[in-house]
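Chemist: Just need the structure, nothing else, for what follows:
(one chain, ligands or ions: 2)
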Amino acid sequence: MKVLVVGNGGREHALAWKLLESGKVKQVICTPGNGGTATLPRCQNLALNVKDFEGIARFALVNNVAFVVVGPEDPLAAGITDFLQEQKIAVFGPDKLGAQIEASKAWAKALMLEASIPTAKAAVFNNREAAQAYVKAQGAPIVVKADGLAAGKGVTVADTVEAAEAAIAAAFGGQFGAAGKTVVIEECLTGQEVSVLAVTDGITIRPLLPAQDHKRIGENDTGANTGGMGAYAPAPLVSPAMMQRIQDEILEPAIAILRKKGIDYRGVLYAGLMITPAGDPKVIEFNCRFGDPETQVVLPLLHTPLEDIMLACIKQRLADLPEFEWKTGTCACVVAASEGYPDIYKKGAPITGIEAAESSGAFVFQAGTQAKPQGLLTDGGRVLGVSAIGEGFDHAFEQAYAALSQIYFDGMYFRRDIGHQVRTIR
Ligand SMILES: Nc1ncnc2c1ncn2[C@@H]1O[C@H](COP(=O)(O)OP(=O)(O)O)[C@@H](O)[C@H]1O
Ligand SMILES: [Mg+2]
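Modeler: Numbers count the residues shown, from 1 in each chain. Ligands and ions are numbered 1, 2, ... in the order given. This is a model prediction of the structure:
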């Protein structure tokens, strides 16, 4: 069985690695991939852009690919699944209609309202004056969100009315292009954030282990938002009782309302949640794909073959699959970025020490890297993430940081406080 993975991040390296683990998948092709997927045994890269649907379809057909796994949200929102399905190619990932759950925050909010899924109260605006009047009336703190995909930069948690007004002006001023011509303004929730990634075949939905990521660039959760600087799983914040509530109050109603709308959603439904001080789970957003770096801590703990889960979703037989099996222990991931990220940073620095880092049993999931004849070079903001499994969080993080200390590239930056919520040793 051959599987084609679309994307080039740490998430896709982790997906490829996991798909190859059981031995049933003989080959993974990653497009466009990165230095990690280029050097992973039985994996190779294909030089097609994630938006080259025709090229991807042709490759899948000619090479008899069993199924395609779509990593990032952009191609899903642009309809890659619809395009491939028309040519009878099996895909793990929702179609264009389903991907709206991430690609339009206004659409997702309306869906949640209709299904009575707990979430922040919100109002949707298509013009600046009305949005600003609303913010003045509501007061701060308040959250301003560009409706569409904005690469993680479309949300402002405003502590003052002025900051909210500035965010509204930026959105309607075109800062996020078409993604900002509609704005969602939300009540500001407090509490702790957690990610619950679930897999679904459109009827049955099952959560994976809960994970927590770290979005801010700086220690103590300060500074700019990033794609994610580290993660851990399973997040102790989500007790079995809390997971049951998330299943009953959020995941099941979400898949039911999607079905009611005629949307056959097969893939990952990722619920970004706030656990409020009262102990209630509320949805901050839904994503239509695996999280990065959550995937890099959830998949190492998964014992059930990932290809079995994905095929069950594709064939709409998830209910027939036995309960997912998990390894014991906890998993920690620390991301190393290029100095300057998430703003301006350099590329092309040689990376050393990956083998040494992995010799202790840690996994190095590469993201912004490129395999060149002269060696591995940095090629992006988030360069790689080191994941390690331990008996508890102290042990897992100790191992992840020890492995990371073997790796070097010029301008390497990482947070030393990843997992601060769950570590007793720092
Ligand atoms: N209603 C809210 N209350 C408090 N914080 C929020 C709220 N909505 C979003 N945030 C914060 O902003 C971050 C980004 O918002 P999110 O809706 O996840 O957008 P995206 O991931 O598309 O940028 C969240 O992870 C959370 O920290
Ligand atoms: Mg988010």
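Chemist: which helices and strands sit right next to the lowest-mean-pLDDT helix or strand in the chain?
Modeler: Across the helices and strands of the chain, mean pLDDT, DSSP states H and E gives its lowest value to strand 222-225, namely a mean of 92. Here strand 222-225 touches strand 216-218, going by 3 or more Cβ pairs under 8 Å, 6 or more residues apart in numbering; DSSP states H and E. Heads up, the C-betas are built off the backbone N, CA and C, glycines and all.
Chemist: that older thread, going along the chain from the least confident helix or strand of the chain, find the next helix or strand for me.
Modeler: Using DSSP states H and E, the helix or strand that follows strand 222-225 in sequence is strand 230-233.
Chemist: hang on, the earlier thing: the least confident helix or strand of the chain pairs with which strands, and in what direction?
Modeler: strand 216-218 (antiparallel) (DSSP bridges).
Chemist: Any part of the partner strand near ligand 2?
Modeler: No - residues of strand 216-218 are not located near ligand 2 by Cβ under 5 Å from the ion, the shortest gap being 12.5 Å.
Chemist: And that strand, how far out from the chain middle?
Modeler: On the basis of Cα atoms, centre = their mean, to the nearest Å, strand 216-218 sits 17 Å off its chain's mean C-alpha point.
Chemist: can you check stretch 411-426 too?
Modeler: Distance, centroid of stretch 411-426 to centroid of chain: 20 Å (Cα atoms, centre = their mean).
Chemist: what about it, start to end distance?
Modeler: End-to-end distance of stretch 411-426 (Cα to Cα, to the nearest Å): 23 Å.
Chemist: if we can go back for a sec, how much distance is there from the least confident helix or strand of the chain to the middle of the chain?
Modeler: With Cα atoms, centre = their mean, you get 18 Å for strand 222-225.
Chemist: Tabulate the CA atom coordinates of that strand in PDB.
Modeler: These are the backbone C-alpha positions of strand 222-225, laid out as PDB (Å, rounded to 0.1, in the frame of the first residue of the first chain):
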ATOM      1  CA  THR A 222       4.500  36.100  26.100                       C
ATOM      2  CA  GLY A 223       5.100  37.800  22.700                       C
ATOM      3  CA  ALA A 224       3.700  37.100  19.300                       C
ATOM      4  CA  ASN A 225       1.500  34.200  18.300                       C
END
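Chemist: Tell me the confidence at Gln175?
Modeler: Looking at Gln175, its pLDDT is 89.
Chemist: Could I get the contacting residues of it?
Modeler: Contact partners of Gln175, counting by Cβ atoms under 8 Å, 6 or more residues apart in numbering, are Ala146.
Chemist: Which secondary structure element is home to the residue positioned nearest the centre of the chain?
Modeler: Closest to where the C-alpha atoms of the chain average out (Cα atoms, centre = their mean) is Gly291, at 1.4 Å. Of the helices and strands defined by DSSP H and E, none includes Gly291.
Chemist: just checking, it touches Tyr270?
Modeler: Yes - Gly291 is in contact with Tyr270 according to Cβ atoms under 8 Å; the separation is 5.5 Å.
Chemist: Mutual contacts of these two, please.
Modeler: Residues touching both Gly291 and Tyr270 (Cβ under 8 Å, 6+ apart): 195, 197.
Chemist: tell me which residues in stretch 237-254 are buried?
Modeler: Residues of stretch 237-254 classed as buried by neighbour count (16 or more other Cβ atoms under 10 Å): 237-238, 242-243, 245-247, 249-254.
Chemist: Check what pLDDT the closest residue to ligand 1 within the stretch 301-426 of the chain gets.
Modeler: Nearest residue of the stretch 301-426 of the chain to ligand 1 (Cβ to the nearest ligand atom) works out as Pro342 at 12.1 Å. On the pLDDT scale, Pro342 is placed at 95.
Chemist: Contacts only, for it.
Modeler: Counting by Cβ under 8 Å, 6+ apart, Pro342 touches 217, 224-227, 381.
Chemist: before we move on, the earlier item: and the residue nearest to the centre of the chain, backbone torsions?
Modeler: phi -80, psi 150 (degrees, to the nearest 10).
Chemist: Once you drop chain neighbours, what's closest to Ala332?
Modeler: Ala396 (3.8 Å; Cβ to Cβ, 6 or more residues apart in numbering).
Chemist: my guess is that neighbour meets Cys331, correct?
Modeler: Yes - with contacts counted by Cβ under 8 Å, Ala396 reaches Cys331, the gap being 6.0 Å.
Chemist: which residues do these two both contact?
Modeler: Shared contacts of Ala396 and Cys331, counting by Cβ under 8 Å, 6+ apart, come down to 232, 388-390.
Chemist: Between these, which sits nearest Asn64?
Modeler: Asn64 lies nearest to Ile389 out of those, by Cβ to Cβ, at 34.5 Å.
Chemist: if I look at the closest one, how far off is Glu398?
Modeler: 12 Å (Cβ to Cβ, to the nearest Å).
Chemist: How about the residues of the stretch 1-150 of the chain by ligand 1?
Modeler: Residues of the stretch 1-150 of the chain lying close to ligand 1 by Cβ under 6 Å from any ligand atom are 120, 143, 145.
Chemist: who touches the last one in this structure?
Modeler: Right, the one you point to is Lys145. Contacts of Lys145 (Cβ under 8 Å, 6+ apart): 105, 154-156, 183-186.
Chemist: For the shared contacts of Ala396 and Cys331, pick the one with the most neighbours.
Modeler: Tyr232 (29 neighbours; other Cβ atoms under 10 Å).
Chemist: so how far is Ala110 from that one?
Modeler: Taken as Cβ to Cβ, the span from Tyr232 to Ala110 is 33 Å.
Chemist: related to what we said a few turns ago, which two in the contacts of Pro342 are spaced the farthest apart?
Modeler: Asn225 and Gly381 (12.2 Å).
Chemist: More neighbours: which of those two?
Modeler: Gly381 (22 against 14).
Chemist: how about the nearest residue to that one, chain neighbours excluded?
Modeler: Gly381 sits nearest to Tyr341 (Cβ to Cβ, 6+ apart), 3.6 Å away.
Chemist: what about the one you found, distance to ligand 2?
Modeler: 18 Å (Cβ to the ion, to the nearest Å).
Chemist: any idea which helix or strand carries whichever residue of the stretch 101-250 of the chain sits closest to ligand 2?
Modeler: Per Cβ to the ion, Gly152 is where the stretch 101-250 of the chain lies closest to ligand 2, at 6.8 Å. When elements are defined using DSSP H and E, Gly152 is found to belong to no helix and no strand.
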